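> Structure for the following, please:
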Amino acid sequence: MYAIVRAGGRQEKVAVDEVLTVDKLTGEVGSTVTFPAVLVVDGENVVSGSADLARYEVTAEILGAVKGPKINIMHYRNKTGYKRRMGHRQPYTEVKITGIQAGK
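You can find the predicted model right below:
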C-alpha cells in the first residue's frame with residue numbers, strides 16, 4: 001500500500017516506514033504530523049475521489065531537522081572589480097511515515 005501526499009507544495013509518493021525529506025515543518029522531534037492524501041493505492045484498489053480521500057489519513061513522525069546541499073551564488077559585474085560570493089542551504093525536516101489508514 002502506498003499513497004501520494006501533498007507536502008510542502010509538492011506531491012510525494014510514500015509508504016509505511018519510509019523516511020521522507022520535506023520542507024521545514026513546525027513541531028518538535030517525536031511529534032506526529034498528518035499529510036493530506038491525493039491518491040491511495042492498495043493493491044488493485046485505487047482511491048482518488050475527494051469524498052473517499054477525506055477518510056484516509058497519512059501520519060508521520062518528525063525525526064529532526066536537516067539541511068539541503070549548499071548552493072553557491074556568485075555576483076559579478078564586468079570591468080568594475082565587483083565580485084560577491086554567497087551561499088545558501090535550504091532547511092528541511094525528515095519525517096518517517098508511520099501509517100496510512102482509513103478512518104472515520
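> From now on I want contacts and neighbour counts done on CA atoms only, so please keep to that.
Noted.
> so who does the residue nearest the centre of the chain touch?
The residue lying closest to the centre of the chain (C-alpha atoms, centre = their mean) is residue 22, at 2.7 Å. By C-alpha atoms under 8 Å, 6 or more residues apart in numbering, the contact list for residue 22 reads 7, 8, 92, 93, 94, 95.
> May I have the phi/psi pair for the residue of the chain most remote from its centre?
What lies farthest from the middle of the chain is residue 79; by C-alpha atoms, centre = their mean that is 43.9 Å. For residue 79, the backbone dihedrals (degrees, to the nearest 10) come out as phi 60, psi 10.
> that's a strand at the residue nearest to the centre of the chain, yeah?
Yes - residue state for residue 22 (DSSP: H, G, I helix; E, B strand; the rest coil) corresponds to a strand.
> Can you tell me who it pairs with across the strands?
residue 93 (DSSP bridges).
> Just name the closest of the contacts of residue 22 to residue 18, please.
Using C-alpha to C-alpha, residue 95 comes nearest to residue 18 of the contacts of residue 22, at 8.4 Å.
> That closest one: what's it in contact with?
Contact partners of residue 95, counting by C-alpha under 8 Å, 6+ apart, are 19, 20, 21, 22, 60, 61, 62, 63, 64.
> Make TSV out of those residues and add distance to residue 3 and pLDDT.
Formatted as TSV, these follow (distance: C-alpha to C-alpha, whole Å; pLDDT from 0 to 100):
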residue	distance to residue 3	pLDDT
19	14	96
20	13	94
21	16	94
22	15	95
60	13	96
61	16	97
62	18	97
63	20	97
64	22	96
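> residues contacting residue 31?
Counted by C-alpha under 8 Å, 6+ apart, residue 31 has contacts 61, 62.
> what about residue 52, is that helix, strand or coil?
Once three-state DSSP is applied, residue 52 turns out helix.
> For it, give its distance to residue 37.
Residue 52 is 10 Å from residue 37, where distance means C-alpha to C-alpha, to the nearest Å.
> neighbour-wise, which of the two wins?
Higher neighbour count among residue 52 and residue 37: residue 37, with 24 against 12, using other C-alpha atoms under 10 Å.
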